[in-house]
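Student: Based on what follows, work out the 3D shape:
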Amino acid sequence: MTYRLYAEADAADSPLAQRVARFLGLTVNVAPIPEPEGDPYRTAKETILLANHRGEFLKPCPCTRKHTCCGYHFLNVATNCPMDCTYCILQDYVGTAPLTIHCNLDDMYTELEEKLSLPGRAIRIGTGELTDSLAIDELTGYAPDLVRFFARFGHATLELKTKTAFVENLVGVEHGGRTVVAWSLNPEEIADSDEKGAATLDERIAAARRCMDQGYPLAFHFDPLVEYAGWRDGYPDVVRRLFDAGIRQDAIAWISMGTLRYPRHVGDIIARRFPRSILRAGELVSGTDGKKRYFKPVRIEMYRALAAEIARGWPDAFVYLCMESPGVWQAALGRAPRSRELSDALDRRTPPREAAHE
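Tutor: Residues are numbered from 1 along each chain as shown. Predicted coordinates for the structure are as follows:
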């Protein structure tokens, strides 16, 4: 991808800004970003803004009311993503704001040090809420430094969630089992049609195998599950390809499932930007949280089918649902944990250990 590079004045001389500029071979422009030409969403992804983050880096993941919550937290290292997935909620949340890389890393690590040093229960933290965890890591080098940092804390788990195959920066890094490397997965048909700029399914699986061989715990997120003509064959095939690649059950921390859902505004954007998307074939209705979702029987059928295929090869894998009601949990998986119960169960998947050093 060809980027345009800009910086806010107080971030332009930071070590991270200089690293990004050197890698791209570009001059950092300290100037207002010009109005985009063509598709403003696409232009935003090709425009990097180097800036200092203002406010807290670490925040709890917002959970949908009356739905089971997993107690996740996210670390805001960047905003927006170079990939252009049809269903991405950032189209609404970020809009046409540029791909922003946060450069005040000393502030971030100071905040993490203070919060993770406090006594308390286990905590799971991901960097993939407002961006892909590894899509720009070749530019920033965020990931290996974070992996080393989290290796110091026996009660904290870092999750790096991605649709890429870029794991070179993770090879040979001392992780202490405190970093889970995770992939969002969809059948090849969806990856090709609606996950623009992402790695192929085979590339993602190969990257997962490489990380498993490095001793990292893995996770897989079948989210969003898309109802399309071939889904009954497509999703089980993804699971079988994981089996065939030699991904071991004991290497998997967790597997999540969630069906396609988005605020109404995202649906409007999809209709405008991707009028021929396969996503538009399914029938969605407004849920209690105001998001568009498939009818409940459709969601339950998809969850049951995928969970059954997972159980054939990994009978003891920990599978959970993302942003679903207790009723759907019960109908699909035969259990309906409370939010705290789910959070505790996930925490036990990466057991606390004695910190490496303080």
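Student: got any ranges where this structure has weak pLDDT?
Tutor: The chain contains residues with pLDDT under 70 at 353-358.
Student: if we go to 50?
Tutor: 356-358 (pLDDT under 50).
Student: show me where it has helices.
Tutor: Shown for the chain, the helices assigned by DSSP state H span residues 15-24, 40-45, 90-93, 105-116, 137-140, 142-150, 188-194, 201-213, 231-244, 264-273, 296-313, 326-333, 339-348.
Student: Pipe those helices into CSV and attach mean neighbour count per row.
Tutor: (C-beta placed from N, C-alpha, C; glycine too.) Formatted as CSV, the helices of the chain follow (neighbours: other C-beta atoms under 10 Å):
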stretch, mean neighbour count
helix 15-24, 16
helix 40-45, 19
helix 90-93, 19
helix 105-116, 15
helix 137-140, 20
helix 142-150, 20
helix 188-194, 19
helix 201-213, 19
helix 231-244, 17
helix 264-273, 15
helix 296-313, 17
helix 326-333, 17
helix 339-348, 16
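Student: Serialize those to JSON lines and add fields for distance to residue 30.
Tutor: Converted to JSON lines, the helices of the chain look like this (distance: least, C-beta to C-beta, whole Å):
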{"stretch": "helix 15-24", "distance to residue 30": "10"}
{"stretch": "helix 40-45", "distance to residue 30": "19"}
{"stretch": "helix 90-93", "distance to residue 30": "25"}
{"stretch": "helix 105-116", "distance to residue 30": "19"}
{"stretch": "helix 137-140", "distance to residue 30": "18"}
{"stretch": "helix 142-150", "distance to residue 30": "23"}
{"stretch": "helix 188-194", "distance to residue 30": "36"}
{"stretch": "helix 201-213", "distance to residue 30": "36"}
{"stretch": "helix 231-244", "distance to residue 30": "45"}
{"stretch": "helix 264-273", "distance to residue 30": "31"}
{"stretch": "helix 296-313", "distance to residue 30": "48"}
{"stretch": "helix 326-333", "distance to residue 30": "50"}
{"stretch": "helix 339-348", "distance to residue 30": "43"}
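Student: Chain neighbours aside, what residue packs nearest to residue 196?
Tutor: Nearest residue to residue 196, sequence neighbours excluded (C-beta to C-beta, 6 or more residues apart in numbering): residue 84, at 4.2 Å.
Student: count of residues packed around the residue nearest to residue 182 when sequence neighbours are not counted?
Tutor: Distance criterion C-beta to C-beta, 6+ apart; nearest residue to residue 182, sequence neighbours excluded, is residue 219 at 3.7 Å. Neighbour count of residue 219, defined by other C-beta atoms under 10 Å: 25.
Student: Surely residue 219 touches residue 253?
Tutor: Yes - assessed by C-beta atoms under 8 Å, residue 219 is found in contact with residue 253 at 5.0 Å.
Student: Determine the residues that are contacts of both of these two.
Tutor: Common contacts of residue 219 and residue 253, defined by C-beta atoms under 8 Å, 6 or more residues apart in numbering, comprise residue 180.
Student: Can you give me every residue that contacts residue 252?
Tutor: 217, 218, 219, 220, 314, 317, 318.
Student: hmm, which two among the residues you listed are most spread apart?
Tutor: Spatially, the most separated pair among the contacts of residue 252 is 217 and 314, at 13.8 Å (C-beta to C-beta).
Student: Please list all residues in contact with residue 81.
Tutor: 45, 88, 90, 99, 131, 132, 135, 136.
Student: Can you report how many residues lie near the fifth one?
Tutor: What that stands for is residue 131. 27.
Student: what's the answer for the second one, then?
Tutor: Burial of residue 88, expressed as a neighbour count using other C-beta under 10 Å, amounts to 22.
Student: From residue 272, how far off is it?
Tutor: Residue 88 sits at a distance of 14 Å from residue 272 (criterion: C-beta to C-beta, to the nearest Å).
Student: so what's residue 227 up against?
Tutor: 259, 260, 281, 282, 294, 298, 302.
Student: Of those, which is the most crowded?
Tutor: Ranking the contacts of residue 227 using other C-beta under 10 Å puts residue 259 first, with 25 neighbours.
Student: Please name the nearest non-neighbouring residue to residue 72.
Tutor: residue 61 (4.2 Å).
Student: same check, this time on residue 40
Tutor: Nearest non-adjacent residue to residue 40 (C-beta to C-beta, 6+ apart): residue 96, at 4.1 Å.
Student: mind listing what that neighbour touches?
Tutor: 36, 40, 41, 43, 44.
Student: 6 Å - rerun?
Tutor: 40, 41, 44 (C-beta atoms under 6 Å, 6 or more residues apart in numbering).
Student: Please tell me how far residue 134 sits from residue 198.
Tutor: Relative to residue 198, and taking C-beta to C-beta, residue 134 is found at 11 Å.
Student: residues touching residue 131, list them.
Tutor: 78, 81.
Student: mind running it again at 8 Å?
Tutor: 77, 78, 79, 80, 81, 99.
Student: can you check residue 281 too?
Tutor: Per C-beta under 8 Å, 6+ apart, neighbours of residue 281: 227, 228, 229.
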